[in-house]
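In: show me how the following folds:
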Amino acid sequence: MQPHSGPQVLDSTAIADAAGLREAGYWLHLVRAVEAAGRRLYLQGRLPGSFYDGYGQEATAVGAGLALAPRDIACPVIRDLAVHLIRGITPAEVLRHYLGKAGGPMDGRDGNVHIGSFERGTIPMISHLPEMLPVCMGVALSRMRRGEASAALGFCGDGSSSGGVFHETLNLAAVWKAPLVVIVERNRFAYMTPEDKYLAVPEIAARAAGYGIRSWSGDGNDVLEVRSLVGAALEHARSGGGPALVELFTYRMHGHGAHDDQRYVPPGELEAWALRDPLLRWHELAVEQLGWTAADQQALEARVASEVAAAVEDALAAPYPDPDGLAASVFAQ
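Out: Okay, here's the model as predicted:
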């Protein structure tokens, strides 16, 4: 879509792009605000365990979530809260989950980043990564065998891509032509280990040729580019083309979790990547393509702040689950 140059009639494609850009901006700001609220609750001692966020790489999850079709399934992991939000898990449900309250997606039976909602198309993650990938492939394979035109979207980081399960999953998915798309969030660190200690290739997407599958590589901080690349990979998988790999270059601006002070990060690296912040990148696009104003930005931020404040209030006031229901969904009758 071309930048605005005064009053003009937009064609249907431009209208869709404008609406998509606005929608992406909402989700980018919402997930950052929800995660900021969770981090505050952790630092206040009100949230048990630790807290994990995707600060600085929100565009990977938002763009991917917006690319999903209704019947697609997603297996988000540690930095992908936006996928859950886009699929319909509310901010209040997210915070209830983290606080171990009733009314969250797991109803207090699990916590932390182990969040998901089968009926809304997301599967709760397994802590050990990349062990979610074979789960995701299993869903993709079962739907393919039922004749469903849907795909499964799995996520992992660059550290996880060095694990044996990553390679085994992609190999089998290629052999079986499972409609699986794997996103590698190239965020530069495996916990506190920099990528030059565990990667010998400049692009992980190059490995796809060894499995005989398609691959895409792009800017993980550009939400529209992410949506486009992941959309193409999902369509490839849904249409019978087999699995695909999408590598998205981004950066983890916070530590592995809220407990991690990042003292291992080289001087100047955070400052350099802050200039490529996904929300700043989105704002530049919105100004260029939508004529976005300071008043528009203020209204968006006020809307998100109000929604998240209400979600925090809801979650803090919510009751804990009734212990009498503890065995439900755990033991078979």
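
In: use CA for all of it now, contacts and neighbours both
Out: Noted.

In: for His259, which residues are in contact?
Out: 50-51 (Cα atoms under 8 Å, 6 or more residues apart in numbering).

In: element containing it, please.
Out: Per DSSP states H and E: His259 is located in neither a helix nor a strand.

In: quick check: pLDDT value at it.
Out: What the model reports for His259 is a pLDDT of 91.

In: what's Tyr55 in contact with, if anything?
Out: Tyr55 sits next to 32, 252-254 when contact means Cα under 8 Å, 6+ apart.

In: same check on Ile126?
Out: Ile126 sits next to 114, 132 when contact means Cα under 8 Å, 6+ apart.

In: helix, strand or coil for it?
Out: Secondary structure, DSSP: H, G, I helix; E, B strand; the rest coil: Ile126 is coil.

In: phi and psi next, for it.
Out: Torsion angles at Ile126 (phi, psi; degrees, to the nearest 10) stand at phi -100, psi 140.

In: separation between it and His167?
Out: Remark: distance between Ile126 and His167 (Cα to Cα, to the nearest Å) = 18 Å.

In: avg pLDDT for stretch 224-233?
Out: Along stretch 224-233, the predicted local confidence has a mean pLDDT of 97.

In: to clarify, my last question referred to stretch 292-307.
Out: If you average the pLDDT over stretch 292-307, you get 98.

In: what are the buried residues along it?
Out: Neighbour-count burial for stretch 292-307, counted by 16 or more other Cα atoms under 10 Å, picks out 300-301, 304-305, 307.

In: ditto for stretch 21-29
Out: Along stretch 21-29, these residues count as buried under the neighbour rule (16+ other Cα under 10 Å): 21-22, 24-29.

In: I'd like to know which of those residues is nearest to Val94.
Out: Looking at the buried residues of stretch 21-29 and their distance to Val94, the nearest is Trp27, at 14.4 Å (Cα to Cα).

In: for the closest one, phi and psi?
Out: Main-chain torsions, Trp27, degrees, to the nearest 10: phi -70, psi -40.

In: residues contacting it?
Out: Applying Cα under 8 Å, 6+ apart as the definition, the contact partners of Trp27 turn out to be 62, 82, 85-86.

In: which residues of this protein fall in helices?
Out: If DSSP state H is used as the criterion, the helices of the chain fall at 12-43, 58-67, 81-86, 91-98, 132-145, 164-176, 208-211, 223-236, 269-274, 278-290, 294-317.

In: and those, which is most packed in?
Out: The highest mean neighbour count among the helices of the chain, using mean count of other Cα atoms under 10 Å, belongs to helix 58-67: a mean of 28.

In: can you list the neighbours in contact with it?
Out: Contacts of helix 58-67 with the rest of the structure, by Cα under 8 Å, 6+ apart, involve 24, 27-28, 31-32, 79-83, 86-87, 185, 220-228, 230-231, 234, 248, 250, 278.

In: one step back: out of the helices of the chain, the one nearest Phe51 is which?
Out: Across the helices of the chain, Phe51 has its closest neighbour in helix 12-43 (6.1 Å, Cα to Cα).

In: export the helices of the chain to a markdown table and tack on distance to Pro243?
Out: Below are the helices of the chain laid out as a markdown table (distance: least, Cα to Cα, whole Å):
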| stretch | distance to Pro243 |
| --- | --- |
| helix 12-43 | 26 |
| helix 58-67 | 16 |
| helix 81-86 | 20 |
| helix 91-98 | 31 |
| helix 132-145 | 9 |
| helix 164-176 | 6 |
| helix 208-211 | 10 |
| helix 223-236 | 8 |
| helix 269-274 | 31 |
| helix 278-290 | 27 |
| helix 294-317 | 36 |
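
In: ok, the contacts of Trp27 vs Pro134, which is closest?
Out: Ranked by distance to Pro134 (Cα to Cα), the contacts of Trp27 are led by Ala82 at 21.9 Å.

In: for the nearest residue to Ala149 once chain neighbours are set aside, what are its contacts?
Out: In space, Ala149 comes closest to Arg238 once its chain neighbours are excluded; the distance is 5.4 Å by Cα to Cα, 6 or more residues apart in numbering. Going by Cα under 8 Å, 6+ apart, Arg238 touches 149-151, 179.

In: mind pulling up the pLDDT for Arg238?
Out: Residue-level confidence at Arg238 comes out at 97, pLDDT.

In: and the helix or strand bottoming out on mean pLDDT in the chain, how far out from the chain middle?
Out: Least confident element among the helices and strands of the chain, by mean pLDDT, DSSP states H and E: helix 12-43 (a mean of 89). Using Cα atoms, centre = their mean, to the nearest Å, we find the averaged C-alpha position of helix 12-43 to lie 12 Å away from the chain's own average C-alpha position.

In: go on, stretch 153-170?
Out: Taking the mean of its C-alpha atoms, stretch 153-170 sits 16 Å from the chain's own mean (Cα atoms, centre = their mean).
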